[in-house]
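> kindly generate the corresponding structure for this input.
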Amino acid sequence: MTIALLVLIVLLMTAGLVMLAQIARQQKHAIAELRAEEEAIVAEERRMFHYLHDLGEAIWRDDQQASMYRLIVEGAIRVTQSTGGALYLFDEASQQLVPRHYSDFCAPLISLPERVRLLMKENPATLLSTLRMHAEPVKSGLLGSVFVQQKTELLSDLGAEMRLGEHLVTSQKGVTAMIGPLSFGMRRLGILAVTSPKDGRSYNANDFEVFNSLIEQSAFALANAMSHQEASKNRMDQQELQNASQIQKVLLPDADPQVPGFIIAGRNIPARTLSGDYFDYLQLPDGRFGAVIADVSGKGLGAAMITVMCRTLMRAKSQGSTSPSSVLAAVNRQIAPDIREDMFITMSYVVMEQNGSTLTLSRAGHNAALLWRKATGKVESIHPPGLGVGIDKGAVFERVTKDASFDMEPGDCLLLYTDGVNEAMDPKGVEFGEERVEEELAKHAPHGPKAVIGGIIMDLEHFLKGRRSHDDITLIAIQKTA
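You can find the predicted model right below:
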């Protein structure tokens, strides 16, 4: 073997070793890159896991909504390694996207008014306060466009975005952003966005995919949190209504009164948890006795509160006057200035002498009282003129509302009732009617006041065929004894 050949072999071996070393370095570098990429994916997955875990816990806590909004934005910033983020929710009433959380370093996502741009020159903090308060119409601007189109967007340069208008501020230039619509089923909830300076962060296809996943999970969390909070509020509201209902029941008579010369029975059946009807018995000076029945227009808590006002005022005003109409006038003067213009109260107030035969009735726009005469078996209607309480503040009410006096013989039966009785409707929309009320009174009156009330209620239930009445039902029956 010649020296030249040996040299050639050595050179070839050296070149091979160099090549192997180069390949090894390349493989080592590739392995390092793969390892770094794998670690980045693992870190991203870990951030996403923590985000979803925090969201899952927040859904079932009774935290303030602001906590959930902040969690969504800060979680999105953390997962996407962004600089700032913002959450807007859709307000259906105003048709606007309302900012619910705007982080300190999120780029402006709206077109800024000239007034704000001028103020920023003197006080830079003006920008952030504006962003946190300014609601954006859904039919205009960048955010409105994303919301209407319901499509997530990756903006490589916010400063080139025409939907922000012509007059941009410095913090809108050189910024990249991802903006997506939050929706759950058919319910459109709002907008989630993250931003970063282009020189510090450039979103890629994987970031966009991750952000879309964030959008989906955030919308799910928001929808569930809203449902949970609404259910919780409804439970609290229902409990408050139940408490109010119990208080209202306490204010109604708990037993039929014992009045010499008369047998009296009363009943109230609310259509809902709270009743807009009420009735009461009043022990008056000089041995007299009064009974009052009332029906407040409207339903729910407002009507129930008015019934409490009526009860309190009637109990106070009835002690100083012998005339039922003057008592109702005094109640009207107190209530009329304090209730809404679309509300009023119909009332009937009857006063009877102890062991006497003469009764005096005043009617403030209420149903006519019905009097069954034992001697004839006929029903008479007693309807002195009267205006509903709350319609007029005083003078007209007092001019119109009058007393009517009448005598009752032993066995005669007087019925006071609210329009929930005569206006009750069967499944075909037919009303129970005043004529049927008179027939029921005539049928049951010979058996006494309890029979009258029980019989009318039973006949009403049969008439309604198992349906619940749409209005409150209240009745008072008064029979003269020997």
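> quick one: low-confidence parts of the stretch 101-250 of the chain?
The model of the stretch 101-250 of the chain has pLDDT under 70 over residues 228-250.
> go again using 50 as the cut-off
Along the stretch 101-250 of the chain, the model assigns pLDDT under 50 to no residue.
> what about the helices in it?
Secondary structure of the stretch 101-250 of the chain, counting by DSSP state H, counting those that start in this stretch: helices at 114-122, 125-133, 141-149, 205-251.
> by contact count, what packs against the third one?
So that's helix 141-149. strand 96-102, strand 136-137, strand 175-184, strand 187-197 (3 or more C-beta pairs under 8 Å, 6 or more residues apart in numbering; DSSP states H and E). Where you see a C-beta, it was placed from the backbone N, CA and C, and this is true even at glycine.
> buried residues, it. List them.
141-147 (16 or more other C-beta atoms under 10 Å).
> rewinding a little: please identify which of the helices and strands packed on helix 141-149 is closest to residue 210.
strand 175-184 (9.3 Å; C-beta to C-beta).
> reformat the helices and strands packed on helix 141-149 as a markdown table; add distance to residue 76 and mean neighbour count.
What follows is those, written out as a markdown table (distance: least, C-beta to C-beta, whole Å; neighbours: other C-beta atoms under 10 Å):
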| stretch | distance to residue 76 | mean neighbour count |
| --- | --- | --- |
| strand 96-102 | 10 | 21 |
| strand 136-137 | 19 | 16 |
| strand 175-184 | 9 | 23 |
| strand 187-197 | 5 | 23 |
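> for residue 277, which of those is the nearest?
Set against residue 277 and scored by C-beta to C-beta, the helices and strands packed on helix 141-149 come closest in strand 187-197, at 38.8 Å.
> now for that closest one, which elements pack on it?
For strand 187-197, the helices and strands in contact under the criterion 3+ C-beta pairs under 8 Å, 6+ apart are helix 65-80, strand 84-91, strand 96-102, helix 141-149, strand 175-184, helix 205-251.
> again, only this time at 7 Å
Of the remaining helices and strands, those touching strand 187-197 by 3 or more C-beta pairs under 7 Å, 6 or more residues apart in numbering; DSSP states H and E are helix 65-80, strand 84-91, helix 141-149, strand 175-184, helix 205-251.
> okay, these in JSON lines with distance to residue 470 next?
Written out in JSON lines, the entries for the helices and strands packed on strand 187-197 read as follows (distance: least, C-beta to C-beta, whole Å):
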{"stretch": "helix 65-80", "distance to residue 470": "36"}
{"stretch": "strand 84-91", "distance to residue 470": "33"}
{"stretch": "helix 141-149", "distance to residue 470": "40"}
{"stretch": "strand 175-184", "distance to residue 470": "35"}
{"stretch": "helix 205-251", "distance to residue 470": "18"}
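> figure out which of the ones you listed is closest to residue 124.
For the helices and strands packed on strand 187-197, the distance to residue 124 is smallest for strand 84-91, at 15.2 Å, taking C-beta to C-beta.
> okay, buried residues for the closest one please.
Across strand 84-91, burial judged by 16+ other C-beta under 10 Å covers 84-90.
> now those residues in a markdown table, with pLDDT?
Shown next, in a markdown table, are the buried residues of strand 84-91 (pLDDT from 0 to 100):
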| residue | pLDDT |
| --- | --- |
| 84 | 94 |
| 85 | 95 |
| 86 | 95 |
| 87 | 95 |
| 88 | 95 |
| 89 | 93 |
| 90 | 93 |
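> nearest to residue 105 among those residues?
residue 84 (4.0 Å).
> leaving out sequence neighbours, find the closest residue to the closest one.
On the basis of C-beta to C-beta, 6 or more residues apart in numbering, the spatially nearest residue to residue 84 that is not a chain neighbour turns out to be residue 106, at 3.0 Å.
> wait, the one you found sits on residue 82?
No - taking C-beta atoms under 7 Å as the contact criterion, residue 106 and residue 82 are not neighbours in contact, 8.5 Å apart.
> find the residues that touch each one of those two.
By C-beta atoms under 7 Å, 6 or more residues apart in numbering, residue 106 and residue 82 have these common neighbours: residue 195.
> rewinding a little: which among the helices and strands packed on strand 187-197 is found nearest to residue 293?
Of all those, it is helix 205-251 that lies closest to residue 293, at 14.2 Å by C-beta to C-beta.
> so which elements touch the host helix or strand of residue 326?
Under DSSP states H and E, the secondary-structure element containing residue 326 is helix 324-335. With contacts defined as 3+ C-beta pairs under 7 Å, 6+ apart, the packing partners of helix 324-335 are helix 300-317, strand 345-352, strand 358-364, helix 395-400.
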